[in-house]
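*Asks:* Got a predicted structure plus its sequence, pasted below:
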Amino acid sequence: MALIVQKYGGSSVADAEAIKRVAQRIVAQKKAGYDVVVVVSAMGDTTDELLDLAQRVSPLPPGRELDMLLTAGERMSMALVAMAIGNLGYEARSFTGSQAGVITTGLHGNAKIIDVTPGRIREALSDGAICIVAGFQGVSQDTKDITTLGRGGSDTTAVALAAALEADACEIYSDVDGVFTADPRIVPTARRIPKISYEEMLEMAACGTKILHLRCVEYARRYGIPLHVRSSFSQKPGTWVVSEVEETEGMEQPIISGVAHDRSEAKITVVGVPDRVGEAAAIFKVLADAEINIDMIVQNVSAASTGRTDISFTLPASSGQTALSALKKIQDKVGFESLRYDDQIGKVSLVGAGMRSYPGVTARFFDSIASAGINIEMISTSEIRISVIVGQDDVDAAVAAAHTEFQLDAEQVEAVVYGGTGR
């Protein structure tokens, strides 16, 4: 019997009526002859509400206890979905991440999956039950404590289970009808992408497209799990994320797949760094030790008169103060003059495998942004991506300008955000 793993985001299980609708969709797959494993997120904004509650109780809650608190949201969802399926006459069994065999590292708040041993899931499937698993969580291999996987962790849970169970596909349900050429809230005429490659989806996820989490796509690519991104609010076909996108009816794939944006980054400039061997390494080592992810890096040419240079880089704004604190500790050792911090920036990225073989894409992208009167602060590229940093207030205009320049606009509105969050 074929096996499908489904994941439902917070907006898909936001209230009792939404949970009943999800249960009907799950049962429909069971009736169609599939074994079904379902991964659920916490209801609506439950995770954010629990975080706010924790911070009102304790300004710096211990990581272990915060994980114990936050995982309650998914446990609520899994039990309620199982109850709703039971009311439709089918057996459903709910499992926490640890009960489902999700083994992780011990890092609270952002643990990584080490292994999945889904013995209890297989047993339940063999008994004919539908399995409902709490996403976003697991158990530490070393300490046996409950851990959480960070934002997007339910997506990663679903793909990890699909790989461990050798599922035929992994369906990711949210409140939009698939992956679009841009965020429909910014570009109402964005088009749905029927198929996209893992490679392009990885770039779009890394550049701010929130419909799929980066770790989820990496996991799917590693194990060759086809991802089907759909809305739980409609029956529309959604988007398939696969290893390769075939040419259709003799037509080549579009040069550009989409325009992504990210408003969650900040920029730090280390001013007056002595131009000596090893100084840049010292700066980025202290950031690595603080477990801070760096995105773009630009180093200016050393001024001949001073023998000093400036190094600018972007990072998640949530890590900004931690990074500043870490860098200040090594200021005397490295000898740089000062630090500048700017969290009023945004990243706009153009993604498409076709740009490998088409010259002029960069010029058109930059020209469209210039025509909108927007200044570019930093630039970064890969084989299939061009990213720029602009002022935060200019992000929407830059996305719209690039989208139009590469003829990605649909003739009519295709995108509907049913739940209001896009997840």
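*Replies:* That came through fine.
*Asks:* Please count neighbours and contacts with C-alpha atoms only from this point.
*Replies:* Noted.
*Asks:* Could you check how many residues crowd around residue 305?
*Replies:* 6 (other CA atoms under 10 Å).
*Asks:* For it, which three-state class applies?
*Replies:* The three-state assignment at residue 305 reads coil, by DSSP: H, G, I helix; E, B strand; the rest coil.
*Asks:* what do you get for the one 5 residues further on?
*Replies:* Three states are possible here, and by three-state DSSP the one that applies to residue 310 is strand.
*Asks:* Now the residue nearest to residue 182 when sequence neighbours are not counted: which helix or strand?
*Replies:* Leaving aside its sequence neighbours, residue 182 sits nearest to residue 259 (CA to CA, 6 or more residues apart in numbering; 5.1 Å). In this structure, residue 259 is located in strand 258-262 according to DSSP states H and E.
*Asks:* what packs against that strand?
*Replies:* Judged by 3 or more CA pairs under 8 Å, 6 or more residues apart in numbering; DSSP states H and E, the packing partners of strand 258-262 are helix 198-206, strand 345-351, helix 395-405.
*Asks:* If we use 10 Å, what do you get?
*Replies:* helix 198-206, strand 345-351, strand 385-391, helix 395-405 (3 or more CA pairs under 10 Å, 6 or more residues apart in numbering; DSSP states H and E).
*Asks:* Deepest-packed of these, please.
*Replies:* Neighbour counts (mean count of other CA atoms under 10 Å) averaged over each of the helices and strands packed on strand 258-262 peak at strand 345-351, with a mean of 26.
*Asks:* Parallel or antiparallel, which strands does that one pair with?
*Replies:* Strand 345-351 has the following strand partners under DSSP bridges: strand 258-262 (antiparallel), strand 385-391 (antiparallel).
*Asks:* Run through the residues that contact the residue minimising distance to the centre of the chain.
*Replies:* Residue closest to the average C-alpha location in the chain (CA atoms, centre = their mean): residue 213, at 2.3 Å. Contacts for residue 213 (CA atoms under 10 Å, 6 or more residues apart in numbering) come out as 151, 152, 153, 154, 155, 156, 201, 202, 204, 205, 206.
*Asks:* In this structure the third one contacts residue 74, no?
*Replies:* So the one you mean is residue 153. No - taking contacts as CA atoms under 10 Å, residue 153 lies outside contact range of residue 74: 11.1 Å.
*Asks:* Those two: which is more packed in?
*Replies:* residue 74 (26 against 23).
*Asks:* my guess is that one is in a helix, correct?
*Replies:* Yes - applying three-state DSSP, one finds residue 74 inside a helix.
*Asks:* Count the residues that sit near the residue nearest to it when sequence neighbours are not counted.
*Replies:* In space, residue 74 comes closest to residue 42 once its chain neighbours are excluded; the distance is 4.3 Å by CA to CA, 6+ apart. Residues lying near residue 42 (other CA under 10 Å) number 28.
*Asks:* Cool, thanks, signing off.
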